[in-house]
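Peer 1: Return a 3D structure for these sequence lines:
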Amino acid sequence: MLRTIVTSAYVIATATAAWSHGDVAPQPVNTDSLPDVGEDWLTENPYRDAGEEVWKAAIDIGDSGYNQNCARCHGLGGVSGGLAPDLRYLEAEEYGDEWYVERFRVGMTQNGITKMPAFGDLLGQKAAWAIRTYIETRPDDGALDDHNARLKEIRDQLAEWEGASPENGEVAAVQDELSEIATQIETGSGAPVADSIALRAAAMISGEAPRFAAAAETLTIGLSAAR
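Peer 2: Numbering: from 1, shown residues only. The predicted structure is shown next:
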């Protein structure tokens, strides 16, 4: 209830904020790997509960789509600098979805000036919901604070393993620890799972061809951005 009240106040306060998107041409988003969602625009994110594989694909596509089309105003990684609303805090529920998709489709014009272009016809519904999935899984501010020290240690361990042959049990133990840390990282939107650096690093070192260097780099970049 409190989250709804806070979010409602936030949306009302920021819906008429002075945005300055300018004349940036929208960049196409390749959504071929995502399931079709029909022609009629939905009012609730169809990829939120579509299974882990679709959810992860939507995040990856939404990541690219957001940073090409939205980050200039709403901030890299969804972290707003104050020019436009910080979309990480738009609740991951139907109410938040309705506000988001309406703004995505028709944009925003203030005093005859386009503050945000209408992306609906340009990028399409699948791109809209992929970007929404990415946004709602952003970790909250400070969500990594309690884990920074340990993640740095893991980062250094992964870097040492690149080109080496660590025991499978050692790798599995680190993967399990990263996965456990990931469950403790909260989103700003209230979505149950954050697409965190811990979650991504765990995925990178799973399977028969673990990518230790890529996982270490992911942790390095994420920890630097969290400062």
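
Peer 1: What residue spans form the domains of the protein?
Peer 2: 2-136, 145-225 (automatic domain parsing).

Peer 1: Would you reformat those as TSV and include mean neighbour count and mean pLDDT?
Peer 2: Where C-beta positions appear, they are placed from N, C-alpha and C, glycine not excepted. Below are the domains of the chain laid out as TSV (neighbours: other CB atoms under 10 Å; pLDDT from 0 to 100):
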stretch	mean neighbour count	mean pLDDT
domain 2-136	17	85
domain 145-225	17	96
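
Peer 1: How is Ser33 assigned, secondary-structure-wise?
Peer 2: Secondary structure for Ser33, judged by DSSP: H, G, I helix; E, B strand; the rest coil, is coil.

Peer 1: Relative to Arg200, how far out is Arg211?
Peer 2: Taking CB to CB, to the nearest Å as the measure, Arg211 falls 11 Å from Arg200.

Peer 1: got the CA positions of stretch 180-187 in PDB?
Peer 2: Presented in PDB, the C-alpha positions along stretch 180-187 are these (Å, rounded to 0.1, in the frame of the first residue of the first chain):
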ATOM      1  CA  GLU A 180      22.500 -16.500  -3.400                       C
ATOM      2  CA  ILE A 181      23.700 -12.900  -3.400                       C
ATOM      3  CA  ALA A 182      21.500 -12.200  -6.400                       C
ATOM      4  CA  THR A 183      18.400 -13.300  -4.400                       C
ATOM      5  CA  GLN A 184      19.200 -10.600  -1.800                       C
ATOM      6  CA  ILE A 185      19.400  -7.600  -4.200                       C
ATOM      7  CA  GLU A 186      16.200  -5.600  -4.300                       C
ATOM      8  CA  THR A 187      14.700  -3.800  -7.300                       C
END
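
Peer 1: ok, and what's touching it?
Peer 2: Residues outside stretch 180-187 that contact it (CB atoms under 8 Å, 6 or more residues apart in numbering) are 88, 92, 136-140, 143-144, 146-147, 150-151, 193-194, 196, 198-199, 202.

Peer 1: what does stretch 111-127 give?
Peer 2: With contact meaning CB under 8 Å, 6+ apart, stretch 111-127 is reached by 18-21, 24, 26, 28-29, 31, 34, 36-38, 41-42, 61-62, 65, 69, 73, 84, 103-109, 128.

Peer 1: And that stretch, how far out from the chain middle?
Peer 2: 20 Å (CA atoms, centre = their mean, to the nearest Å).

Peer 1: sorry, back to before: identify those among the contacts of stretch 111-127 that sit within strands.
Peer 2: Judged by DSSP state E, strands contain the following of these: Met108, Thr109.

Peer 1: And for the most centrally placed residue in the chain, nearest residue in space, chain neighbours not counted?
Peer 2: By CA atoms, centre = their mean, the chain has its centre lying nearest to Tyr134, at 3.0 Å. Nearest non-adjacent residue to Tyr134, counting by CB to CB, 6 or more residues apart in numbering: Gly62, 3.0 Å away.

Peer 1: That neighbour reaches Glu136, doesn't it?
Peer 2: No - using CB atoms under 8 Å, Gly62 is not in contact with Glu136, being 9.3 Å away.
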